[in-house]
Structures are given as structure tokens and as C-alpha cells.
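Engineer: Take this sequence and fold it.
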Amino acid sequence: MEIGIFSTGNLAGDPSVGATTTERLRGLVRLAQRAEQAGFDVFAVGEAHKPPATVSSPAVLLAHIAAVTSTVQLSTAVSLITVNDPVRLAEDYATVQHLADGRLGLMFGRGVDPGIYRWYGLDPAETVEIASERYDLFRRLWSEESVDWTGRYRPPLEGFTVVPRPLTDRLPLVWQTSIRTRALVEQTARYGDGFFANYVFFSAEQAAPHVRYFRERYAAYGHGTAESAPVGSGAKVHVRLRSQDALREFEAQGYDLSAWPYDTLDEAIRHSALTVGSPAQVLDKIAHFQEQYGGYRRQLFSIDLPGGTVDQMLEQVDLLGEHVLPSLRATYAHA
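Structural biologist: Numbering: from 1, shown residues only. Modelled structure (predicted):
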């Protein structure tokens with residue numbers, strides 16, 4: 001199993017508390033370094049284009065992190081295939097791949113906030129088709145040295161070559177995250193990509209049918225058995241050695257649960273991928289999702305506390321690294 005940390009660098013809703021934008025961005029660099037020191041496999045940053053997020057350009061941030069790390073795999077937690085030109089994406093991430101000596105992974109998604117699409121001149125009703133077309137083109141740009149292409153959503157290309165060329169024409173395993181759209185899950189299965197089930201708001205029982213559908217389609221396209229399909233999972237955690245301390249700290253941050261389909265924090269913790277508690281409780285939650293999903297090979301943790309400090313998040317990395325990571329490695333060594 002690959003185990004990592006992911007973040008979009010969210011700020012607190014109240015600018016008078018928590019880290020500043022500069023502190024959060026620089027803090028993500030420190031988090032990546034600490035994740036590497038703690039033995040995590042992956043450090044990933046997501047892309048968002050409205051507050052409270054601070055990361056709108058993952059490629060820029062990952063290029064900087066590449067310069068101050070040496071072993072941890074760097075990745076996008078999501079790169080929005082809808083609002084970005086595939087040519088720009090291919091050029092940016094090929095550049096990062098060179099700077100990181102190949103330590104680059106990619107995760108693409110359509111984006112969960114339809115309100116941003118109009119800022120980029122996109123019709124929200126067409127974003128599934130846009131995402132599909134742009135991802136198809138991205139794959140060709142990466143793997144083919146000279147591309148002739150015509151589509152609906154960008155100008156045509158004739159004999160176009162991405163500069164710099166990627167280190168290898170063959171893409172590393174690309175992860176796709178889509179929690180709403182079966183058409184994009186279908187595309188993920190068709191290409192044999194990984195499906196990252198980032199159903200942080202959902203229970204394992206609610207999310208499992210989507211995972212099963214991906215496994216069935218992956219096998220139908222002839223990539224392997226349904227059991228061997230590459231599946232990952234995201235979880236939000238706040239951990240302390242004593243669960244009471246974790247709950248007290250989390251509640252003191254005033255974390256906004258308004259987007260979550262639960263009435264209380266206790267209900268969210270019991271049912272969703274949110275775990276606020278002890279290392280043993282984190283391990284129990286992962287075991288439950290593993291059982292419901294039929295096993296999976298990538299686990300990423302979100303440790304963002306928008307009202308917290310960078311030092312608090314660094315401490316979370318240390319706690320997970322010392323008290324959760326070894327048990328996950330031992331239990332899921334062959335996942």
C-alpha cells in the first residue's frame with residue numbers, strides 16, 4: 001500500500017486566526033519535507049480556485065518541493081482537467097517530472113464546485129464531455145512526440161510536440177477521482193487508470209457501489225481481474241494518543257461541517273471517512289473502508305485544520321508516522 005498526505009492548503013474562515021496565506025504555502029513545503037522524514041510514500045497537493053484554498057497552481061508548488069526533497073513521491077491530489085488546457089498541463093508536469101527526477105504522480109478530476117466553470121468560459125452542463133476530451137488529448141501529448149488533433153473545446157493541433165518531452169513516453173499510473181459521474185469512472189476503467197475514491201463526506205457503505213462499478217468495468221476492458229483494479233481512498237484525520245484530546249482540539253478549531261450530510265460531529269465521525277481520535281481509531285476506520293472496498297492500494301490522509309498552525313499539522317504528520325504508518329505497512333504489506 002502507498003500511504004501519503006494530501007492538502008489544498010485551506011485557510012481559516014476567520015483571517016484573524018490560523019496561518020496566513022504565505023505561512024500556509026510555505027507550510028506545505030515543510031509538510032512535504034516532514035512527510036518524507038516520517039517515511040510516507042506520497043505527498044500530494046490539490047488544485048482549487050476560490051477561498052479558503054491557497055493552492056491554485058500545483059505544478060509550481062510541486063516544482064519547489066522537488067528541490068527540497070529527495071525520496072517522497074510528489075503528486076497532485078487533484079489537477080482540474082476541466083479548467084486547464086491539456087497542452088499547458090502536459091508541459092508543466094513534464095517539467096516537474098524532470099526537476100523531481102521522475103518522482104511525479106498525477107491525479108485528475110473534474111472539480112466538485114461547478115461555480116468555477118464560468119470563470120473559464122465553460123458551460124457546467126458540458127464539463128463531463130470537456131473533461132473526457134481534454135484527458136484523452138493529455139494522454140496523447142504525453143505519449144506521442146508529434147500530435148495532430150482536432151476537438152470541440154480547444155483549437156486544433158498540427159505536428160505539436162510537448163517541450164520538454166517527459167522522461168518516458170509511457171505515463172506512470174494516473175489516478176482519477178470522480179465522486180459523481182459514472183462517465184468519467186468509465187473512462188478511468190477504459191484506460192486502466194487508478195480510481196481514487198475520495199468520498200470523504202460519505203460512509204464506506206455509500207461509496208462502495210462506485211468502487212465495485214469501477215472494478216467491474218476495469219475487468220471488462222481486459223486490464224486484469226476486478227480484484228486487481230487499482231483503487232485508492234482518502235480520509236480526513238485529526239489524531240492524538242488520547243481520543244478526548246483529539247476531539248477537544250478539533251472542536252476548538254471550529255471546523256466547518258456545514259457541507260457534510262450529518263447533524264453532529266459525532267455522527268460524521270461514526271459514519272464518514274472523517275476520524276477524530278486515537279491511532280487505533282484511525283486504523284479501525286481504514287480497516288472498515290478496506291473491507292467495504294474489497295481492499296485498496298493507496299491511502300492518503302488530509303490533516304488540514306484551517307484554524308490551526310503549521311506546527312500543529314507537522315505534529316499530525318509525526319503522530320501518524322509513528323503510530324499509524326507502521327501498522328498500516330504491516331497489515332497491508334501486499335495491498
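Engineer: Would you map the strands across the stretch 101-250 of the chain?
Structural biologist: 104-109, 147-149, 157-160, 174-177, 194-197, 231-239 (DSSP state E, counting those that start in this stretch).
Engineer: Tabulate the ones you listed (JSON lines), appending mean neighbour count.
Structural biologist: C-beta here means a position set from N, CA and C on the backbone, and glycine is covered the same way. Supplementary listing: the strands of the stretch 101-250 of the chain in JSON lines, determined by neighbours: other Cβ atoms under 10 Å:
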{"stretch": "strand 104-109", "mean neighbour count": "25"}
{"stretch": "strand 147-149", "mean neighbour count": "16"}
{"stretch": "strand 157-160", "mean neighbour count": "13"}
{"stretch": "strand 174-177", "mean neighbour count": "24"}
{"stretch": "strand 194-197", "mean neighbour count": "26"}
{"stretch": "strand 231-239", "mean neighbour count": "23"}
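Engineer: Indicate which one of those strands is closest to Val185.
Structural biologist: For the strands of the stretch 101-250 of the chain, proximity to Val185 was assessed by Cβ to Cβ; strand 194-197 is nearest, at 6.6 Å.
Engineer: Average pLDDT for the closest one, rounded please.
Structural biologist: For strand 194-197, the mean per-residue pLDDT is 96.
Engineer: Same check on stretch 142-151?
Structural biologist: Rounded mean pLDDT across stretch 142-151 is 98.
Engineer: Would you mind measuring the gap between the ends of it?
Structural biologist: For stretch 142-151, the first and last residues are 17 Å from each other (Cα to Cα, to the nearest Å).
Engineer: go on, stretch 254-274?
Structural biologist: 15 Å.
Engineer: Show me the contact partners of that stretch.
Structural biologist: Contact partners of stretch 254-274, identified using Cβ atoms under 8 Å, 6 or more residues apart in numbering, comprise 13, 199-204, 233-237, 247, 250-251, 275-277, 285, 289, 305-307.
Engineer: Just the buried positions in that stretch, please.
Structural biologist: The neighbour-count check on stretch 254-274 (16 or more other Cβ atoms under 10 Å) flags 255, 257, 260, 262, 265, 268-269, 271-274 as buried.
Engineer: Report the two of those separated the most.
Structural biologist: It's Tyr255 and His271 that sit farthest apart of those, by Cβ to Cβ, at 16.3 Å.
Engineer: Kindly provide the distance from Asp256 to Ala12.
Structural biologist: 10 Å (Cβ to Cβ, to the nearest Å).
Engineer: quick one on the thing from earlier: so can I have a markdown table of the strands of the stretch 101-250 of the chain showing distance to Arg134?
Structural biologist: Below are the strands of the stretch 101-250 of the chain laid out as a markdown table (distance: least, Cβ to Cβ, whole Å):
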| stretch | distance to Arg134 |
| --- | --- |
| strand 104-109 | 9 |
| strand 147-149 | 11 |
| strand 157-160 | 13 |
| strand 174-177 | 13 |
| strand 194-197 | 18 |
| strand 231-239 | 22 |
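Engineer: among those, which is nearest Ser75?
Structural biologist: Of all the strands of the stretch 101-250 of the chain, strand 104-109 comes closest under Cβ to Cβ, at 3.6 Å.
Engineer: between that closest one and strand 231-239, how big is the angle?
Structural biologist: 90 degrees (axes from the mean of the first three to the mean of the last three Cα atoms, to 10 degrees).
Engineer: helices or strands up against strand 104-109?
Structural biologist: Packing partners of strand 104-109 (3 or more Cβ pairs under 8 Å, 6 or more residues apart in numbering; DSSP states H and E): strand 42-46, strand 73-80, helix 86-99, helix 127-143, strand 174-177.
Engineer: Mind listing the strands it pairs with, and their directions?
Structural biologist: strand 73-80 (parallel), strand 174-177 (parallel) (DSSP bridges).
Engineer: Could you give the separation of that strand from the chain centroid?
Structural biologist: 8 Å (Cα atoms, centre = their mean, to the nearest Å).
Engineer: that older thread, so which of the strands paired with strand 104-109 gets nearest Arg154?
Structural biologist: strand 73-80 (14.9 Å).
Engineer: Show residues contacting the closest one.
Structural biologist: 2, 4, 6-8, 32, 41-47, 49, 58-59, 62, 65-66, 89, 93, 96, 100, 103-111, 175, 177, 198, 300.
Engineer: related to what we said a few turns ago, looking at the helices and strands packed on strand 104-109, which is closest to Leu25?
Structural biologist: Closest among the helices and strands packed on strand 104-109, using Cβ to Cβ: strand 42-46, at 9.9 Å.
Engineer: Of all the residues in the closest one, which ones are buried?
Structural biologist: 42-46.
Engineer: still on that earlier bit, of all the strands of the stretch 101-250 of the chain, which lies closest to Gly321?
Structural biologist: Across these, closest to Gly321 is strand 231-239 (Cβ to Cβ), at 10.7 Å.
Engineer: Who are the packing partners of that closest one?
Structural biologist: strand 194-197, helix 204-220, helix 243-252, strand 274-277, helix 279-293, strand 298-302, helix 310-323.
Engineer: ok and that strand relative to helix 279-293, angle-wise?
Structural biologist: 160 degrees.
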